[in-house]
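Undergrad: Need coordinates for the following:
(2 chains)
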Amino acid sequence: MALRLTKRRTLGVLAGAVSVALVAAGCGGGDDGGNSAASQGADARGPITYVQGKDNSNLLGPMAEKWNAAHPNEKVTVKEQSDQADQQHDDLVQNFQAKSDAYDVVSVDVVWTAEFAAKGWLTPLKDKFALPTDGFLEPTIKAATYNNTLYAAPTSSDGAMLYYRSDLVKTPPKTIDEMWSMCSIAKKNGMDCFAGQFAKYEGLTCNATEWMNAYGAKVVDDAGKPTVDSPEAAKGLQALADNYKNGNIPKQAITFQEEQSRQAFQDGKLLFLRNWPYVYNLASTDASSKVKGKFKVAPLPGVDGPGTSTLGGHMAAISAFSKNKATALDFLKFLTSEEQQKTNMEKGSLAPVIGSIYDDQALVAKYPYLPVLKESIANAVSRPVTPFYPKVTEAIQTNAFAAIQGQKTPQQAVKDMQAAMQAASGGN
Amino acid sequence: MSAVTEPTKTSATGAPRKQRKDKGLNAGQGRAGLLLVAPTMLFLAVIIIYPLINAVVLSFEKDEGLDPATGMFVAGGSAGVSNYTHWLLQRCGDVSCPPGTLGNQFYSAFWVTLFFTVVSVVIEVILGMWFAMIMNRDFKGRALVRAAILVPWAIPTAVTAKLWYFIFAYDGIANKLLGVVGINPQLWTSDPWAAKFAIVIADVWKTTPFMALLILAGLQLIPGDVYEASQIDGASKWQTFTKITLPLVKTPLMVAVLFRTLDVLRIYDLPAILTGGAGGTTSLSMLVIKQIRQGGFNNASALSTIVFLLIAFVAFLFIKFGGADVIQRPPSSKKPKKDADTQTGNPVAANATSTGA
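TA: Below you'll find the predicted structure:
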């Protein structure tokens, strides 16, 4: 009896702890890249599967119908993932690691391209798979390029803009200093002055790099080497920290993700807001919005003139394990076609990657922010294109967050950022 | 939790057979027993032993590195113990891990996990005891109170976390209530101290019912005549509580504390959703997941092995010194412990009387 009980207990305890270890175990293994796989099925045609994150605007159904009507023998099946970027990433990684041919064409976030490409999971878009890219906005192509090779076709883009209360501010600020000087207007009206997304998550990387870039810093050089430990980068963080301390950026802004900051602006609590284009429609149509018709957009302010936005958006790539790559390439061309992009803009407010669409007068009449957005994207700087992006963004977020809260000096923060990014490329 | 109950069952059927065999039962029966247990053992080996061993093996391999010539990832090869020194000694290659790397966050995650464990379990024990005493009394509407107390436990943690996320938002109800009593609004999801307490509060809210339930089960095993006797002897309420209730409820209480402690040491979902790890609330399990998301499976395996050993060690301490008798021992002749005897002897009788009554 005694023996039985001890055993039972030990096993029970063991099992409880095992569940922790299990988490890591299922995910290892399978580390040789798919280089040989990349050439398989290069000429093959047949049914394919397209995978992307949750479709909020009902674009996927009509898109697939249109493709299927024209290609009855190479029909596309659409798979929708969750609406969380992390989960989409996990889902793709699991499929690629299993070398599954279940996904032929995948939609990837701009910051995942280098990682997936370096793992050998994406088909390089060269030679037989060359994709014409004339007319595409330059930064979107740059973000899809790893090691001088194009790995994905940009399908939608995104650039940040400055939303301002046009009823209180007649001409939008062109420079950062001009913006701070307008904060007295906010004070007079009992509202907060400026906010972006300063919670500790991916959005902080976008915001912090924008501020560092605005002061002339480069997070990485053209070869991808970290160059963030510079006086310019420290100045950018200093500006954020100072204005957080003096209240120009409200205290709660370090809990803001996109939605919380939009809510604050919509409730009339903010004079200036840095956010993505999706806010425009919501703030003009939401029943609860208190700023309908009282706001406009402008390019982000910089030090001497317009600032630079961080580039967002999605691309489509062909899985290295796809069996029908010839069809997949045709589908890629279809996805990035001018016609398809226009539909996405009209039905889903997805920013096009082809420059000429922004000049379409009918569209501009409907979406007055398009010219500003085009400028924002054309000048946008993409986040570091590196296979170690998840580590790089952690390095930026952690240190920028500490600097904004005043837990470390901006000089120390950029120094630590640089060191952490260097450690990242060493595999740590 | 299913992982915990699964092996308990099988070892219950598996162990005694082996024991009987040791005592000299004929060999044929032993073999038949082995055959009957085999499928379960095989099943366990596949779902528990294999992943466990594989995780340990993986933890001694290097993560994929980038080949500078091609820009492609290549297999890392053997790592020795470098994945362990990465966490324990904070070594990132040749340098000490700079702030902003996950390695650098190991000790902060370690201490904050211990902080959550100690603080929330202590609060849960006190509140749980109180709730259990209330639920154990006879009064009108007892069923309603019992149900009400159990509601938080029935809500999935992810939902709980999201609910508290809204409560603790800057414009949320928590800050509105603080404003009523004249306290400045807090940044519940970002400020280092506020964020830690936000998690403790949400965790206590959710799991106190679990504690109360286990303690209630223990309380119901205490026979009523003990209380009657103490009343006749003129014991005060406090004396009754410290001299009768507490010693008699000790065993189930320690089991409850053990379960909760192991649970909090593995805490993931609550901080992940409520704060996302901001304000130094990244727990050890969150660090494992973050490391996996960064593509460092082998490094993550090393970390989960460390967490596994830590939890096993804490469980061992509890069982060895804390008196957390997960399985009730029969009265032992070797160690005539007064407490152990009353605990293990009485419940059976008490059970019989309570079902009879």
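
Undergrad: Can you check what pLDDT the model gives residue A:305?
TA: Here, the pLDDT recorded for residue A:305 equals 86.

Undergrad: no wait, residue B:141
TA: Per-residue confidence (pLDDT) for residue B:141: 88.

Undergrad: now the helices for the stretch 51-200 of chain B?
TA: Remark: helices assigned in the stretch 51-200 of chain B by DSSP state H, counting those that start in this stretch are B:82-88, B:106-136, B:142-154, B:157-167, B:173-180, B:192-220.

Undergrad: Please identify which of those helices is closest to chain A.
TA: Closest approach to chain A among the helices of the stretch 51-200 of chain B (CB to the nearest CB): helix B:82-88, 6.6 Å. Any C-beta I mention is one placed from the backbone N, CA and C, and that applies to glycine too.

Undergrad: So what touches the closest one?
TA: When contacts are defined by CB atoms under 8 Å, 6 or more residues apart in numbering or on different chains, helix B:82-88 is touched by residues A:428, B:59-60, B:62, B:91-92, B:97, B:103, B:106, B:298-299, B:301-303, B:306.

Undergrad: If we use 10 Å, what do you get?
TA: Here helix B:82-88 makes contact (CB atoms under 10 Å, 6 or more residues apart in numbering or on different chains) with A:427-428, B:58-63, B:76, B:79, B:81, B:89, B:91-93, B:97, B:101-103, B:105-107, B:109-110, B:284, B:287, B:291, B:296, B:298-303, B:305-307.

Undergrad: follow-up on the earlier one: how about the helices of the stretch 51-200 of chain B in CSV, adding mean neighbour count?
TA: Listed next are these as CSV, based on neighbours: other CB atoms under 10 Å in any protein chain shown:
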stretch, mean neighbour count
helix B:82-88, 21
helix B:106-136, 19
helix B:142-154, 13
helix B:157-167, 17
helix B:173-180, 13
helix B:192-220, 21
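
Undergrad: can you tell which of these is closest to residue A:136?
TA: Closest approach to residue A:136 among the helices of the stretch 51-200 of chain B (CB to CB): helix B:157-167, 39.2 Å.

Undergrad: Next, the contact list for the residue nearest to residue B:194 when sequence neighbours are not counted, please.
TA: Closest residue to residue B:194 in three dimensions, ignoring its sequence neighbours and counting by CB to CB, 6 or more residues apart in numbering or on different chains: residue B:186, at 4.5 Å. Shown in contact with residue B:186 (CB under 10 Å, 6+ apart): A:251-252, B:168, B:170, B:174-175, B:178, B:193-195, B:197-198.

Undergrad: Can you pull out the low-pLDDT segments for chain A?
TA: Where chain A drops to pLDDT under 70, the residues are A:1-39, A:427-428.

Undergrad: again, only using 50
TA: A:1-35 (pLDDT under 50).

Undergrad: Can you give me the domain boundaries for it?
TA: Domain assignment for chain A by automatic domain parsing gives A:44-158+A:312-378, A:161-310+A:385-425.

Undergrad: from those domains, which stretch is densest packed?
TA: Ranked by mean neighbour count under mean count of other CB atoms under 10 Å in any protein chain shown, the domains of chain A are led by domain A:161-310+A:385-425, which reaches a mean of 20.

Undergrad: about what we covered before: could you identify the buried members of the contacts of helix B:82-88?
TA: A:427-428, B:58-63, B:76, B:79, B:91-92, B:97, B:101-103, B:105-106, B:109-110, B:284, B:287, B:291, B:296, B:298-303, B:305-307 (16 or more other CB atoms under 10 Å in any protein chain shown).

Undergrad: What is the neighbour count of the closest residue in space to residue A:390 that isn't next to it in sequence?
TA: Excluding the flanking residues, the one nearest residue A:390 by CB to CB, 6+ apart is residue B:294, at 4.2 Å. Counted with other CB atoms under 10 Å in any protein chain shown, the neighbours of residue B:294 add up to 23.

Undergrad: Surely residue B:294 and residue B:64 touch.
TA: No: applying CB atoms under 10 Å as the test, residue B:294 and residue B:64 come out as separate, 11.6 Å apart.

Undergrad: who's in contact with residue 139?
TA: Defaulting to chain A. By CB under 10 Å, 6+ apart, residue A:139 lies in contact with A:110, A:154, A:157, A:159, A:308-309, A:311, A:313, A:353, A:377-382.

Undergrad: that's the other chain; I wanted chain B
TA: Counting by CB under 10 Å, 6+ apart, residue B:139 touches residue B:145.

Undergrad: ok, now residue A:169?
TA: Residue A:169 neighbours (CB under 10 Å, 6+ apart): A:179, A:182, A:185-186, A:271-272, A:295-296, A:298.

Undergrad: mind redoing it with 6 Å?
TA: Shown in contact with residue A:169 (CB atoms under 6 Å, 6 or more residues apart in numbering or on different chains): residue A:182.

Undergrad: Could you list the contact residues of the stretch 101-250 of chain A toward chain B?
TA: Proximity of the stretch 101-250 of chain A to chain B, by CB under 6 Å from any CB of the partner chain, involves residues A:118-120, A:147, A:200-201.

Undergrad: For those residues, work out which two are farthest apart.
TA: A:120 and A:200, at 31.9 Å, using CB to CB across these.

Undergrad: Give me the pLDDT value at the nearest residue to residue B:73 once chain neighbours are set aside.
TA: Of all residues not flanking residue B:73 in the chain, residue B:64 sits nearest, at 4.3 Å (CB to CB, 6+ apart). pLDDT recorded at residue B:64 is 85.

Undergrad: Residue A:352 is in contact with residue A:341, correct?
TA: Yes: counting by CB atoms under 6 Å, residue A:352 is a contact partner of residue A:341 at 4.1 Å.

Undergrad: Out of the contacts of residue B:186, flag the one nearest to residue B:72.
TA: Among those, and counting by CB to CB, the member closest to residue B:72 is residue B:195, at 40.1 Å.

Undergrad: list the contacts for that closest one?
TA: Shown in contact with residue B:195 (CB under 6 Å, 6+ apart): B:189, B:275, B:279, B:281.

Undergrad: and the gap between the first one and residue A:204?
TA: Looking back up the chat, that one is residue B:189. Remark: distance between residue B:189 and residue A:204 (CB to CB, to the nearest Å) = 13 Å.

Undergrad: anything in contact with each of the two?
TA: Overlap of the contact sets of residue B:189 and residue A:204 (by CB under 6 Å, 6+ apart) is empty.

Undergrad: all strands of chain A, in order?
TA: A:48-52, A:76-80, A:105-109, A:145-146, A:149-150, A:153-158, A:161-165, A:192-195, A:270-275, A:295-298, A:312-318 (DSSP state E).

Undergrad: Could you dump those strands into JSON lines with distance to residue A:99 added?
TA: Shown next, in JSON lines, are the strands of chain A (distance: least, CB to CB, whole Å):
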{"stretch": "strand A:48-52", "distance to residue A:99": "15"}
{"stretch": "strand A:76-80", "distance to residue A:99": "18"}
{"stretch": "strand A:105-109", "distance to residue A:99": "14"}
{"stretch": "strand A:145-146", "distance to residue A:99": "20"}
{"stretch": "strand A:149-150", "distance to residue A:99": "21"}
{"stretch": "strand A:153-158", "distance to residue A:99": "22"}
{"stretch": "strand A:161-165", "distance to residue A:99": "41"}
{"stretch": "strand A:192-195", "distance to residue A:99": "45"}
{"stretch": "strand A:270-275", "distance to residue A:99": "39"}
{"stretch": "strand A:295-298", "distance to residue A:99": "45"}
{"stretch": "strand A:312-318", "distance to residue A:99": "14"}
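
Undergrad: In contact with the closest residue to residue A:52 other than its chain neighbours, which residues?
TA: Distances taken as CB to CB, 6+ apart put residue A:107 closest to residue A:52, at 3.5 Å, once the chain neighbours are dropped. Residues in contact with residue A:107, defined by CB under 6 Å, 6+ apart, are A:52, A:314, A:316.
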